[in-house]
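Peer 1: Fold the following and give me the result.
(2 chains)
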Amino acid sequence: MRSLRILIFIALFTGAAYAAWWWFGQRPAAGDTVTVYYTKLDGQSEVPWRVSLGSARDLKSVAFYTATQALAGPAPGVDAIRFPVGTHLNAVDVEGSTIHVDISKEIDSSAAGGFAENGEFKSLVWTLTALPNIKAVRITIGGAKVATLPGGHFELDEPLSRSSW
Amino acid sequence: MSLMSRSRARAGSAFLALTLAAFCVPAPLRAQEASAFWFVGTKLILERSQAVKGDVAAPIHDAGFERFLAKLGATLAFAPGQSYAIVTTADRRTITLTIGDAQIAGGGVTTRAPFAPYLEAGELYVPFLALARALYVEPVKIGSETVLQPQLGGLDVRTEAKRTTLTFRGAIPLKYTKISESPERVTIAFSGVASTLTQARRLNGGAVNEVDVLVSGNPRNATTTVTIEGPAGVAHGLAIAPSSNEFAVAFGPSGTALGAAIPEWFTPGITQPAIAQTFPIPVRTPRAAATLAPTPGPNAAATYAPSEGSAPAATATPETVNAPVTITDIGVDPLGDGVSVRVTASGPVSYEWHRLADNRWYIDFKNAQLSGSGRDERPNVAAVDAVRARQVATSPIPIVRVAVTLKGDRRVEIVPLDGGLSLAIDGSAFGEGARFGSGAIGVPPTAPASGFGSPYPGETFAPAASAYPTPLGSSSPWKYAVPPNGSKLIVIDPGHGGSDPGSLGNGLVEKTLTLDIALRLRALLVAQGWTVKMTRSTDVDVARANAADAEELQARVDVANVQNARLFISVHINSFPRADLNGTMTFYSKGIDKPLADAVQRDLIPLLGTKDDGARAGRLYVTRKTTMPAILVETGFISNPGDASLMRSPEFLQHVAQGIANGVRDFTRSQPATASMAGER
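Peer 2: Residues are numbered from 1 along each chain as shown, chains lettered A, B, ... in the order given. As a prediction, this is how the structure comes out:
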């Protein structure tokens, strides 16, 4: 009888722990690492980088994490097209198969032209569309819909997908 | 169910409820207190911090915390409902903080903080001292005070072939003084930073033998002195550092390109000539903040009045009249059944030409003076009766006229030359009656006085007298005598302009270069027989000053779409934060754009000699929104010293225009059909 009680206790504890984990939305999404794509300096090819993922697994958090990594660029010393310094993520939201990303206005201060802007957004779009069931990325800047960027005139008025290029 | 079973079930349910409750109930509020630190010469106070397990829990919206990050050039991204807060440093490392997880991941290294980030009253609290260390800021206790000491915290060593590049990364923008230097050895003192780097590091292989690091000064104001020494026969130079928090030096065999000389001293924000010349950083000036004055000289006055209808309004500026240009030479040479009349000018000058119904044709050069007394020629050819050059007006604006009396209905083609133009009359029939048009030699003309300039609103320039001519030197007639979509109009879009200078770099301004190229291109296309409309032909905004980017670009797109132009060509200059990228590329978006992009890129590269970056797909506003074949030519990188040097040369800019014009010619020859125009997008 005592061993039965212990077994029941263990089962309940396990169930409670799982319920709590589920409650906090920690559904498995991408394993311990996630892939972030960076655009090489040729402006045309993407390099996948596996980066460690923390404890969170819900899609929104993973999207937030990977988008931030894409905006930050790869480790120093790695040749890649990078977003302008200071560009950071304001917010991420998941809208069905589309991820909405709001980027800070530092993107407007880019010293780059169309070449760099295409590479920057390729990186972001490839990264986020690598997440499960995500097909497109809708981008706003400073909380507002923006049709184009001032430097290279990259067009942003529609959600972007991998076939946007 | 037995009583025992029920009691077990109740106990289990209660346990489950308690377990869930334990997860759901927020942590009890902690007592808040201010924490004070000494940081880069000032007191840093975290007003709403909490002491937790030997660290300090800082709310991310605390003013002191935000000031701390700003001083380091770091940003923090966090949104309510998300598990991560991510700090991006000035040198582009990301440091990840996870709610409920004490690990701090950054730069490939994971450390453990005394406590995990947590939420309290909707505010995220992070372990401040642990985060500071990840940001290369070391807390140093001095009596009762804690000094947040910026560190020279990172060193990357990259060896490629025989070249070794060392990149030092600091917590703050690096200020340094060169202490001593020989080809194989350099000693640099970084002020205001201590260092956690290994004091002496021997490097095996490559062009550096050893790196020594010595910290001196006091904890509040430390200095780190770095000595780098390579083997005999090496030299060194300042390499490109991606941010002001980094310092990079390259060592390699003497005689190889290793970068600029290291300046005697460097303070962020204070430009030194040695650095400015070697690594000119391109700058994108926000539209609203643009304060650049119009380019002085002839351009300054080149502003046309706003036009009505579909043509976008321009921003008017006062007109000024510059010193007259001299027509230095007029040569008349045989050309088949006709003649070639070569006009040479001492500078940029605008012109207007007229074909009269009685076979007279003349061209007036405005604000120009004829050197000498004029010229009368009666060549003995089948197509031309007489050629005359006269100063037909001296006041208020001097005008030089070259008039040609034709024998019958002959066409006249204007061919731009360096420093002038040529009128080619080869005896072919014209057959389109009286016409007129205008253009310019060289860089754009001074705004014409009344009666000159564009004869149409919105700067439409009629084709040269020889509409759809056989080009000089070509035996085959144009295949686009009837353009495929019925339009004879090409729209040229000089990128940026007015309140938007575009990219700046190496002393060049994008909007000025694009206009220069576009005006040259206009002359060439007009000479080919096209009607050309410019989205702007002076230094103006197309929509309005400081308009939103989309409004400005849509105005440019409208110029082409409303008039159903045959082609749209946007001219831009590329830019990149790194100075080493160079080359010429042509962007396209729609399927119908690609053949044009391919043709232009193919014709540009042999003329320019720049790196061929190819015709490539790009998601760009003007090429996406236009309804006809459209391209955006990125001529070169303004941020690259080599490309910039080329773009300073008028000859190079003329070659750019010629390459694009050749591409247009090749494209229109290969696309004679009408069917494709309304199809693929």
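
Peer 1: Return the set of buried residues in stretch A:69-87.
Peer 2: By 16 or more other Cβ atoms under 10 Å in any protein chain shown, the buried positions in stretch A:69-87 come out as A:69-77, A:80-87. C-betas here are computed from N, CA, C, even on glycine.

Peer 1: again, but for stretch B:46-63
Peer 2: Going by 16+ other Cβ under 10 Å, stretch B:46-63 has these buried residues: B:46, B:48-50, B:52, B:55-60, B:62.

Peer 1: try stretch B:191-210
Peer 2: The neighbour-count check on stretch B:191-210 (16+ other Cβ under 10 Å) flags B:191-195, B:197, B:203, B:206-209 as buried.

Peer 1: pretty sure B:K611 is in contact with B:T584, am I right?
Peer 2: Yes: here B:K611 lies in contact with B:T584, judged by Cβ atoms under 8 Å, at a distance of 7.0 Å.

Peer 1: When the two are compared, which one has more neighbours?
Peer 2: Between B:K611 and B:T584, B:T584 has the larger neighbour count (other Cβ atoms under 10 Å in any protein chain shown), namely 26 against 17.

Peer 1: Touching, that one and B:L604? I think so.
Peer 2: Yes: using Cβ under 8 Å, B:T584 is in contact with B:L604, at 5.7 Å.

Peer 1: thinking again about what came up before, closest to B:S438 among the buried residues of stretch B:46-63?
Peer 2: Nearest to B:S438 among the buried residues of stretch B:46-63: B:I60, at 61.7 Å, using Cβ to Cβ.

Peer 1: what's the closest non-adjacent residue to that closest one?
Peer 2: B:L124 (5.0 Å; Cβ to Cβ, 6 or more residues apart in numbering or on different chains).

Peer 1: can you check A:T87 too?
Peer 2: A:E106 (4.3 Å).

Peer 1: what's the answer for B:G408, then?
Peer 2: Spatial nearest neighbour of B:G408, chain neighbours left out: B:N359 (6.3 Å); criterion: Cβ to Cβ, 6+ apart.

Peer 1: leaving aside the residues next to it on the chain, what's closest to B:S589?
Peer 2: Nearest to B:S589 is B:T623, by Cβ to Cβ, 6+ apart, at 3.9 Å.

Peer 1: you'd agree the one you found is up against B:I592?
Peer 2: No: look at B:T623 against B:I592 with Cβ under 8 Å: they stay out of range, at 10.4 Å.

Peer 1: Now do the shared contacts for the two.
Peer 2: Residues touching both B:T623 and B:I592 (Cβ atoms under 8 Å, 6 or more residues apart in numbering or on different chains): there are none.

Peer 1: B:E651: neighbouring residues, count only.
Peer 2: The burial count for B:E651: 9, using other Cβ under 10 Å.

Peer 1: B:R378: what's it in contact with?
Peer 2: Taking Cβ under 8 Å, 6+ apart, one finds B:385-387 in contact with B:R378.

Peer 1: can you check B:V404 too?
Peer 2: Per Cβ under 8 Å, 6+ apart, neighbours of B:V404: B:341, B:360-362, B:384, B:386-388, B:412, B:423, B:425.

Peer 1: show me where pLDDT drops low in the chain?
Peer 2: Since you didn't name a chain, this refers to chain A. Residues of chain A that meet the criterion pLDDT under 70 lie in A:1, A:18-32, A:54-56, A:110-111.

Peer 1: Wait, chain B was what I had in mind.
Peer 2: For chain B (pLDDT under 70), the answer is B:1-31, B:107-108, B:205, B:269-321, B:336, B:416-418, B:426, B:430-436, B:442-486, B:672-681.

Peer 1: quick one: the helices in the stretch 551-681 of chain B?
Peer 2: Secondary structure of the stretch 551-681 of chain B by DSSP state H, counting those that start in this stretch: the helices cover B:594-608, B:621-625, B:641-647, B:650-670.

Peer 1: quick one: buried residues of the last one?
Peer 2: In terms of neighbour count (16+ other Cβ under 10 Å), helix B:650-670 has its buried residues at B:652-668.

Peer 1: For the longest helix seen in chain A, C-alpha coordinates in CSV please.
Peer 2: Across chain A, the longest stretch assigned as helix under DSSP state H is helix A:2-23. Output in CSV follows, covering the C-alpha atoms of helix A:2-23 (Å, rounded to 0.1, in the frame of the first residue of the first chain):
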residue,chain,number,x,y,z
ARG,A,2,2.8,2.4,0.9
SER,A,3,4.5,1.8,-2.5
LEU,A,4,1.2,2.4,-4.2
ARG,A,5,0.9,5.8,-2.5
ILE,A,6,4.4,6.7,-3.5
LEU,A,7,3.6,5.7,-7.1
ILE,A,8,0.4,7.8,-7.1
PHE,A,9,2.3,10.7,-5.6
ILE,A,10,5.0,10.5,-8.2
ALA,A,11,2.4,10.3,-11.0
LEU,A,12,0.5,13.3,-9.6
PHE,A,13,3.6,15.3,-9.2
THR,A,14,4.7,14.6,-12.7
GLY,A,15,1.2,15.4,-14.0
ALA,A,16,1.2,18.7,-12.0
ALA,A,17,4.7,19.6,-13.3
TYR,A,18,3.6,18.9,-16.9
ALA,A,19,0.4,20.8,-16.4
ALA,A,20,2.3,23.8,-15.1
TRP,A,21,4.8,23.6,-18.0
TRP,A,22,2.0,23.4,-20.5
TRP,A,23,0.1,26.3,-18.7
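
Peer 1: and the very next helix or strand once past it, what other elements does it pack with?
Peer 2: Using DSSP states H and E, the next helix or strand after helix A:2-23 towards the C-terminus is strand A:33-39. For strand A:33-39, the packing partners by 3 or more Cβ pairs under 8 Å, 6 or more residues apart in numbering or on different chains; DSSP states H and E come out as strand A:46-52, helix A:59-72, helix A:114-128.

Peer 1: Go through these and name the closest to chain B.
Peer 2: When the helices and strands packed on strand A:33-39 are compared by Cβ to the nearest Cβ, helix A:59-72 sits nearest chain B, at 4.1 Å.

Peer 1: what packs against the helix or strand following that closest one?
Peer 2: Next helix or strand after helix A:59-72 toward the C-terminus (DSSP H and E): strand A:89-95. Here strand A:89-95 touches helix A:59-72, strand A:98-103, going by 3+ Cβ pairs under 8 Å, 6+ apart.
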